Each structure stands twice: as structure tokens, then as C-alpha cells.
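In: Pasted the sequence and its predicted model underneath.
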Amino acid sequence: MARRTLPALTALTALVTSATLLLSACGGGGSDSSDEIEGAGKGSTKPSASPSKDDGSPDLSVPKDLNLVFDFSKPSDPKQAAAVDNAANYIRALKHGIAQQDENDPAYKYYSAAQAAQYAKTQIKTWVKGGWVPTGTDRYFKPQATELGEGKAVLVTFCRNQAKSFSKDIKGGKIHYGKESLDSYQKFSVLMSPPKSDAKVWKAQTIEVQGRVKECRG
């Protein structure tokens with residue numbers, strides 16, 4: 001399956017300087033273009049759903065043949081640490097939705113809103129339409145957190161190496177292997193907003209994915 005890169009949603013500088021305005025106005029959908037989050041392998045194609053945790057957070061489990069690796073150091077600042085943790089949970093929730101083959105999976109809705117939620121839904125729909133599930137090892141690393149608007153948002157960026165992450169056909173179980181190249185390396189920029197009265201966690205509001213990022217290859 002070919003890998004595609006999500007075009008830039010806005011200039012990152014505009015995203016940073018306009019964070020407060022963006023958070024108040026980003027209630028709509030995202031681009032129809034989608035970066036296919038690769039993954040696939042042998043094993044269960046659809047894990048059984050488990051109940052939510054006592055704190056109300058959703059199930060984020062994925063099949064045993066899918067290994068999500070987050071080499072994330074924890075920032076000393078509590079706000080930044082919470083934003084980084086839940087940016088990772090947003091990715092986990094997206095993968096959970098793909099594995100469940102459910103474009104309305106509650107996990108990604110718990111950890112995202114606005115364009116980031118629409119992005120997750122589009123990704124899941126793409127995998128469902130293709131008849132694929134993820135497997136292999138999907139690695140995320142080099143996190144950075146930047147507080148914006150006097151704590152009204154945190155921009156979390158991190159790299160991804162999907163060289164060992166593949167897709168598998170649900171019917172027949174064929175694995176679509178690929179070789180490592182610059183296409184394997186991406187950079188994610190996720191704008192996280194703090195908890196509000198109706199939310200318990202930091203939520204992803206927007207996501208930008210850049211492909212073929214040399215700085216993530218080193």
C-alpha cells in the first residue's frame with residue numbers, strides 16, 4: 001500500500017502565533033487528504049473491546065502483533081508533560097480505532113476534537129475502505145513541547161519511524177511489506193488544549209504531518 005503524506009494544514013508559524021484564536025475557532029473538519037498510518041502483521045485483526053477504566057478513559061488496546069513504541073522523555077513542566085502524554089494517547093486511540101475498524105470509535109473522540117478528530121476519523125475510514133489492519137512496530141520519538149498563549153495550548157512535536165510498520169489485508173492476511181527509506185520518517189505537530197469543564201484530559205485540536213523528514217532519520 002502506497003504511503004501518502006498529509007499536506008501542510010497551515011504554516012506552522014501561523015499555528016504557533018495564532019494558537020489562542022485557533023483554539024476558539026477550530027470547530028470544523030480537516031483536509032480530505034490523509035497520511036496513511038502504516039502497520040500490519042499476523043495475529044488477531046480486531047481486538048475485543050474492553051470496558052473503560054475507572055477514571056472514564058477509553059480502552060486503547062491494540063492487537064498483540066502491533067507494537068506502538070513511544071520513546072518519549074517526560075517534560076519537567078506539568079502542563080507540558082500532560083500534553084505530551086495525551087498526544088501519545090491520541091495516536092494510541094487512532095490506532096485502536098483502526099484495529100477496531102470503527103470510524104466512530106470513542107477512544108479518539110476522548111483525546112481529540114475539531115480538525116484532529118476529523119483527521120482520525122478520515123484515517124480510520126481509509127483503512128476500513130482498504131480492508132487493512134495494522135501490525136509491526138511503529139516508533140515515535142524526539143518529543144518537544146512548546147507552551148503557547150500563557151498556557152492556553154501546548155504544541156507537541158515528535159518524529160515517527162514507520163520502517164517496520166506495515167498493513168495487512170483483513171481478508172487473506174496478506175502483509176504489505178516495504179523497505180526503509182526517507183518515506184519511513186515523518187514529523188507530527190499536534191496542538192493540544194488543556195482540560196475544560198467538560199473534559200478531563202488535554203485534547204488534540206489540530207494535527208499536521210510532514211513526510212520525508214530528514215531530521216527524523218538521524
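Out: Alright, I've got the coordinates. Numbers count the residues shown, from 1 in each chain.

In: most centrally placed residue in this protein?
Out: In the chain, the residue lying closest to the centroid (C-alpha atoms, centre = their mean) is I91, at 3.0 Å.

In: longest helix anywhere in this protein?
Out: Assignment by DSSP state H gives helix 78-100 as the longest helix of the chain.

In: And the lengthiest strand in the chain, what's buried?
Out: The strand that spans the most residues within the chain, counting by DSSP state E, is strand 132-148. Of all the residues in strand 132-148, those buried under the rule 16 or more other C-beta atoms under 10 Å are 132-140, 143, 145, 147-148. Any C-beta I mention is one placed from the backbone N, CA and C, and that applies to glycine too.

In: Show me the helices in the protein, by range?
Out: Assigned by DSSP H, the helices in the chain fall at 12-17, 19-25, 78-100, 106-111, 114-130.

In: Reformat the ones you listed as JSON lines; add mean pLDDT and distance to S165.
Out: Listed next are the helices of the chain as JSON lines, based on pLDDT from 0 to 100; distance: least, C-beta to C-beta, whole Å:
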{"stretch": "helix 12-17", "mean pLDDT": "40", "distance to S165": "25"}
{"stretch": "helix 19-25", "mean pLDDT": "34", "distance to S165": "30"}
{"stretch": "helix 78-100", "mean pLDDT": "97", "distance to S165": "10"}
{"stretch": "helix 106-111", "mean pLDDT": "98", "distance to S165": "18"}
{"stretch": "helix 114-130", "mean pLDDT": "98", "distance to S165": "13"}
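
In: To P194, which of those helices lies closest?
Out: With C-beta to C-beta, the closest approach to P194 among those belongs to helix 78-100: 7.0 Å.

In: how about that closest one: buried residues?
Out: Judged by neighbour count using 16+ other C-beta under 10 Å, the buried positions of helix 78-100 are 79-100.

In: For it, list the C-alpha coordinates in PDB.
Out: Output in PDB follows, covering the C-alpha atoms of helix 78-100 (Å, rounded to 0.1, in the frame of the first residue of the first chain):
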ATOM      1  CA  PRO A  78       3.400  19.500  34.500                       C
ATOM      2  CA  LYS A  79       1.400  21.200  31.700                       C
ATOM      3  CA  GLN A  80       3.800  20.100  29.000                       C
ATOM      4  CA  ALA A  81       4.100  16.600  30.500                       C
ATOM      5  CA  ALA A  82       0.300  16.200  30.400                       C
ATOM      6  CA  ALA A  83       0.100  17.500  26.800                       C
ATOM      7  CA  VAL A  84       2.900  15.100  25.700                       C
ATOM      8  CA  ASP A  85       1.200  12.100  27.400                       C
ATOM      9  CA  ASN A  86      -2.100  12.800  25.800                       C
ATOM     10  CA  ALA A  87      -0.600  13.500  22.400                       C
ATOM     11  CA  ALA A  88       0.700   9.900  22.600                       C
ATOM     12  CA  ASN A  89      -2.700   8.700  23.800                       C
ATOM     13  CA  TYR A  90      -4.300  10.400  20.700                       C
ATOM     14  CA  ILE A  91      -2.000   8.300  18.500                       C
ATOM     15  CA  ARG A  92      -2.800   5.200  20.500                       C
ATOM     16  CA  ALA A  93      -6.500   6.000  20.200                       C
ATOM     17  CA  LEU A  94      -6.200   6.400  16.500                       C
ATOM     18  CA  LYS A  95      -4.500   3.000  16.200                       C
ATOM     19  CA  HIS A  96      -7.200   1.500  18.400                       C
ATOM     20  CA  GLY A  97      -9.900   2.800  16.100                       C
ATOM     21  CA  ILE A  98      -8.200   1.400  13.000                       C
ATOM     22  CA  ALA A  99      -7.800  -2.000  14.700                       C
ATOM     23  CA  GLN A 100     -11.500  -1.900  15.700                       C
END
